[in-house]
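Novice: need coordinates for the below:
(2 chains)
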Amino acid sequence: MKKTGHIRTIVAGSLRKPLLTPECGACQTSCQSACKTSCTVGNQTCGISKK
Amino acid sequence: MWNFQEVKLIQAEDRCLAFDVNSGSLHELDAVAQGLLRLFQDSGDWRQSIQEAAQLYGQEKASAAAAEVEALHEAGHLFTPDPGWERYAPGTGPDLKALCLNVSHDCNMSCGYCFVPGQVRTGREIMPGMVIRAALDFLLKSSSHRHLAVDFFGGEPLLNQAGIRDGVAYALDRGPERNWKFTLTTNTLLFDEDVCSFTLDHNFGLVLSCDGRPDVHDTFRRANRAGLNPAAYESGRPAPGFLQPASVPASDIRHQTSESRGTAAVVARRLQDYFQRAAGQEHYVRGTYTRRNLDFTEDVRYLAGLGARSISLEPVVADPEQPFALHEEDIPRIREEYFRLARFLRDQEQAGCRISFYHFQLDLPGGPCAAQRLTGCGAGYQYLAVTPDGSLYPCHQFVGHPEYCLGDLDRGITRPDLREQFRQAHVFAKPACRSCWARFLCGGGCHAQAALAGDALPGGGLGRPYSLACKLVQARLEGALYYLALGEPRQP
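Specialist: So this is what the prediction gives:
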């Protein structure tokens, strides 16, 4: 990724998306599909963009 | 001025990373940039920090690093202001979209760390077919979503194979316009070729339980009398006869008797058979780590050696009094282990073997929408667990805690007040989350851990995440960010 002199940008994130309300419902809703105990959202995929 | 709560500095082995909370950007810092930002972190005064950095690193380097920080800020990649998501309000619609069907509270294993309360385990109930059908009708009636998910869970769900097969056929028949996603969570003892074919035919996602190295696995995951004598179970099939005595004394572990047997050998064979048959099917080999195997990278290595390419390894959920429970003093060791795991996974990739570790698959530029990041787990309103008698709970971890029973299939939701508490338990409703660097990656944590572990604490409950779980998730996310950094070769 981009490197200047002292800082190397590994990921240029874009979390600043508009809110989607109400939720579309295409993504997983809990830990049920993989881990069953310690779900997080950063590793989930968007059910719409996946298609 | 910039708020350092919006940037997390991570020292991972020999690298220093800066994660920008509000944009999801990740940067690697050299010694000068790191020193400058740590000075700023301490003083909160940007101009003073540049002057102090100049004394340490020289004016030219300090000014250049400061200019880079300022340019990244202007571009929206560092010290990015809060996106204003605190205005978020959960929807109010009929939003149920997933059910966990506890089709069998009976189990052919007696795992030492099982989170299911004793009265549920010993009840050994099997969900009747009529209850399974009623649950699916309830889901169809309650949800306008096109995408519906059903997880067959237990106990061991394959002790009720007839119910699972009938439930799938019924769902497809009654909701042909819906996009069904079925998941099966199994200890694999009964996961034979026939079951595998059925799950392939219906595009199941699988969660296959194995803890890793045989001695680690056998410490907790043991077959009980049912697993040893499956013919006694009408709905079961004969289990393989090669269960091995475990190396750890049965008396050392909860729920074990002298009859119990380790299952590592049979589970390893089940997994290897599965990997040969079903390449490409969505699945995770899911293990639990405890205080006894904080070197869990070795368990991932073992599972990879069996052929596993999708792995999810979870911290044990346990009463703090249990000798295998995780404690706050374990966090530094666990954090280092996640860094070690990240390096192991990248080394494997370099050698041509890509292994997907579930919790390291961060998609910072994409990923879920803002609403999903803020609501996190949908337990209690988007997701419900159903017990064999038709009772409704917020999720599988609440089963056996009647104070959290939300209703039943006959009467529907009888505790709308409680359901609303779950709906409102989003990131900005939890003071501890509002200032946490991991909030948009975590989503607010596990409601069950907050409610069931947090109740024992002052101020516990849904509004206060369980602090140990928070620290575990933060350590794991640091590992995930380090994994991303390791994927980009360092420039000279």
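
Novice: how about the residues of the stretch 201-350 of chain B near chain A?
Specialist: Within the stretch 201-350 of chain B, the positions near chain A by C-beta under 8 Å from any C-beta of the partner chain are B:205, B:207, B:284, B:286, B:312, B:314-315, B:317. Just so you know, the C-beta spots here come from the backbone N, C-alpha and C atoms, and that holds for glycine as well.

Novice: would you turn those residues into CSV with pLDDT, neighbour count and secondary structure?
Specialist: Formatted as CSV, these follow (pLDDT from 0 to 100; neighbours: other C-beta atoms under 10 Å in any protein chain shown; DSSP: H, G, I helix; E, B strand; the rest coil):
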residue, pLDDT, neighbour count, secondary structure
B:205, 94, 20, strand
B:207, 95, 22, strand
B:284, 94, 25, strand
B:286, 96, 24, strand
B:312, 94, 24, strand
B:314, 94, 22, strand
B:315, 95, 23, strand
B:317, 87, 22, coil
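
Novice: ok now stretch B:147-154, how far from the chain's centre?
Specialist: How far stretch B:147-154 lies from its chain's middle: 16 Å, per C-alpha atoms, centre = their mean, to the nearest Å.

Novice: find the closest residue to chain A in chain B.
Specialist: residue B:24 (2.8 Å; C-beta to the nearest C-beta).

Novice: now residue 11: phi and psi?
Specialist: Going with chain A. phi -140, psi 130 (degrees, to the nearest 10).

Novice: actually it's chain B I care about, not the one you picked
Specialist: Torsion angles, degrees, to the nearest 10, at residue B:11: phi -100, psi 110.

Novice: what residues are up against it?
Specialist: Not one residue lies near residue B:11 by C-beta atoms under 8 Å, 6 or more residues apart in numbering or on different chains.

Novice: how close does residue B:396 get to residue B:444?
Specialist: 18 Å (C-beta to C-beta, to the nearest Å).

Novice: for residue 16, give me the pLDDT.
Specialist: The chain I'm using is chain A. pLDDT, residue A:16: 58.

Novice: wrong chain, I was asking about chain B
Specialist: For residue B:16, pLDDT reads 97.

Novice: burial count for it?
Specialist: Counted by other C-beta atoms under 10 Å in any protein chain shown, the residues lying close to residue B:16 total 20.

Novice: ok, back up a step: wait, the residue of chain B closest to chain A touches residue A:10, no?
Specialist: No - using C-beta atoms under 8 Å, residue B:24 makes no contact with residue A:10, being 11.2 Å away.

Novice: who has more neighbours out of these two?
Specialist: Between residue B:24 and residue A:10, counted using other C-beta under 10 Å, the more crowded position is residue B:24 (26 against 23).

Novice: give me every residue that touches that one.
Specialist: With the criterion set at C-beta under 8 Å, 6+ apart, residue B:24 makes contact with A:11, A:13-15, B:364-365, B:367, B:440-441.

Novice: which one of the residues you listed is nearest to residue B:387?
Specialist: residue B:441 (32.2 Å; C-beta to C-beta).

Novice: for the closest one, give its distance to residue B:279.
Specialist: On the measure of C-beta to C-beta, residue B:441 and residue B:279 end up 30 Å apart.

Novice: those two: which is more packed in?
Specialist: Taking neighbours as other C-beta under 10 Å, residue B:441 and residue B:279 compare with residue B:441 leading, 25 against 9.

Novice: element containing the closest residue to residue B:423 other than its chain neighbours, please.
Specialist: Leaving aside its sequence neighbours, residue B:423 sits nearest to residue B:381 (C-beta to C-beta, 6 or more residues apart in numbering or on different chains; 4.5 Å). Using DSSP states H and E, residue B:381 sits in no helix or strand.

Novice: hmm, residue B:381 is touching residue B:97, no?
Specialist: No - using C-beta under 8 Å, residue B:381 is not in contact with residue B:97, being 9.7 Å away.

Novice: where in the stretch 301-450 of chain B is pLDDT low?
Specialist: Residues of the stretch 301-450 of chain B meeting the criterion pLDDT under 70: none.

Novice: so residue B:474 sits in a helix?
Specialist: Yes - counting by DSSP: H, G, I helix; E, B strand; the rest coil, residue B:474 falls inside a helix.

Novice: neighbours of it, how many?
Specialist: Residue B:474 - counted by other C-beta under 10 Å - has 19 other residues nearby.

Novice: identify the residues contacting it.
Specialist: B:436-438, B:442.
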